[in-house]
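In: what follows is a predicted protein model with its sequence.
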Amino acid sequence: MKKPDYALLLHGGAGPTPGRDYSEVEAHLGFLVREGEKMLRGGAQAVDTVEAMVRELELSGLYVAGRGSAPNTEGYVELDASIMDGNSGLAGSVAAVRDIESPVTAARAVMDNTPHVMLVGAGANHFCEQQGIALVANPADWYRLPVGVEIADFDDEEGGHGTVGAVALDCSGNLASATSTGGLFGKLPGRVGDTPLIGSGTWADQHVAVSCTGIGECFIRANVAHSIAMQVRLGISTLEEAAANCLEEVAYMGGDGGLIAIDREGNICLPWNSDGMKRASVVAGQPPEVHVFGQPSKGV
Ligand code: ASP
């Protein structure tokens, strides 16, 4: 296969419930992946593209991230997000932040404007204020129920969850990844999942970019995103095999979820082992695809 000039994958979480209507999500993902394609075709960098995509996913309120996030056991929303630029190897993340309109924008500011990788809690919120990052003025009006989620889901013992993410290969051959979440429904205050952890929920280097979604505790213990990149880099597995190996480990630990991954040759994979994963992809020269359910990838 000839290496494509660019490619972009999006996910809106691996927690959809069979039988519910996700047509609004499908339309949004379809619109967004075309917008992202325009950016990449116009020469945008992968890191700027994934940030823009995740920001739009957060602000839409259609997914369990940003505006669509659910409250924790104390009744308030805590948000996690991260971004990694495969070209520079730099990364930024925020965890357990409150009432930030776009947590991925905050993660990008950590990457660009501090010597650190990760800021959490009150310190991260203080940093956002100093940086002029948009805050939620009135939380009661801002947060909304994402598509496919019902109030009763908050009491479900299995626990609802969701996340958004993007990975991209740009026309200069660089890769990047970004991920953002409101986490698990009914989580404890201060609980942090895989999403803001570089190497667990998000990874990008000069070979591979990965963004994960699912039960974060299992993705952390399997260190999924970096493990995939390492297997590919060492030539142990293809991208698809590496992703399948890691999801198998997540399942072995009792978790489920999915991921989107891309390598520098433009190979892509979007596997999951839950009921489905909201996802969209576009590879240069091919029409975009959008799916919520359907067959998981081979080997998963
Ligand atoms: N991974 C996220 C977390 O554990 C949730 C999800 O992706 O559905 O916070």
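Out: That came through fine. Numbering: from 1, shown residues only.

In: next secondary structure element downstream of the lengthiest helix in the chain?
Out: With residue count as the measure and DSSP state H as the assignment, the chain has helix 23-41 as its longest helix. Downstream of helix 23-41, the next assigned helix or strand under DSSP states H and E is helix 46-60.

In: in that following helix, what counts as buried?
Out: By 16 or more other Cβ atoms under 10 Å, the buried positions in helix 46-60 come out as 46-60. C-beta here means a position set from N, CA and C on the backbone, and glycine is covered the same way.

In: likewise stretch 252-272?
Out: Using 16+ other Cβ under 10 Å, the residues of stretch 252-272 that count as buried are 255-264, 266-272.

In: next: stretch 160-174.
Out: Going by neighbour count (16+ other Cβ under 10 Å), the buried part of stretch 160-174 is 160-171, 173-174.

In: show the average pLDDT along that stretch.
Out: Along stretch 160-174, the predicted local confidence has a mean pLDDT of 96.

In: what does stretch 184-195 give?
Out: The model assigns stretch 184-195 a mean pLDDT of 95.

In: ok, is that stretch in contact with the ligand or not?
Out: Yes - contact of stretch 184-195 with the ligand (Cβ under 6 Å from any ligand atom) involves Leu184, Gly193, Asp194, Thr195.

In: with secondary structure and neighbour count added, can I get those residues in JSON lines?
Out: Converted to JSON lines, the residues of stretch 184-195 next to the ligand look like this (DSSP: H, G, I helix; E, B strand; the rest coil; neighbours: other Cβ atoms under 10 Å):
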{"residue": "Leu184", "secondary structure": "strand", "neighbour count": "20"}
{"residue": "Gly193", "secondary structure": "coil", "neighbour count": "27"}
{"residue": "Asp194", "secondary structure": "coil", "neighbour count": "32"}
{"residue": "Thr195", "secondary structure": "coil", "neighbour count": "32"}
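
In: what is the nearest of these to the ligand?
Out: Sorting the residues of stretch 184-195 next to the ligand by distance to the ligand puts Gly193 at the head of the list, at 2.5 Å, by Cβ to the nearest ligand atom.

In: that closest one and Cys212 touch, don't they?
Out: No - applying Cβ atoms under 8 Å, one finds Gly193 not in contact with Cys212, separated by 9.5 Å.

In: need the overlap of contacts for these two.
Out: A shared contact of Gly193 and Cys212, defined by Cβ atoms under 8 Å, 6 or more residues apart in numbering, is any residue touching both; here these are Gly201, Phe219.

In: give me the distance between the spatially closest residue to Met111 that is not a sequence neighbour and Ala152.
Out: The spatially closest residue to Met111, leaving aside those adjacent along the chain, is Gly92, at 2.8 Å (Cβ to Cβ, 6 or more residues apart in numbering). With distances taken as Cβ to Cβ, to the nearest Å, Gly92 is found 36 Å from Ala152.

In: those two - which one has more neighbours?
Out: Each of Gly92 and Ala152 had its neighbours counted (other Cβ atoms under 10 Å), and the higher figure belongs to Gly92 (27 against 8).

In: which residues does that one bridge with?
Out: Beta-bridge partners of Gly92, counted by DSSP bridges, are Ile83.

In: contact partners for it?
Out: Remark: with contacts taken as Cβ under 8 Å, 6+ apart, Gly92 is in contact with 82-84, 107-112, 114, 116-118.

In: the helix or strand where Ala280 lies - contacts with which helices or strands?
Out: Counting by DSSP H and E, the element that carries Ala280 is strand 279-283. Applying 3 or more Cβ pairs under 8 Å, 6 or more residues apart in numbering; DSSP states H and E, we find strand 279-283 packed against strand 7-11, helix 23-41, strand 257-263, strand 289-291.

In: so which of the ones you listed is nearest the ligand?
Out: Comparison of the helices and strands packed on strand 279-283 against the ligand by Cβ to the nearest ligand atom identifies strand 257-263 as nearest, at 6.0 Å.

In: and that closest one with helix 46-60, angle?
Out: Between the direction of strand 257-263 and that of helix 46-60, the angle (axes from the mean of the first three to the mean of the last three Cα atoms, to 10 degrees) works out to 150 degrees.

In: fine, thanks again, bye for now.
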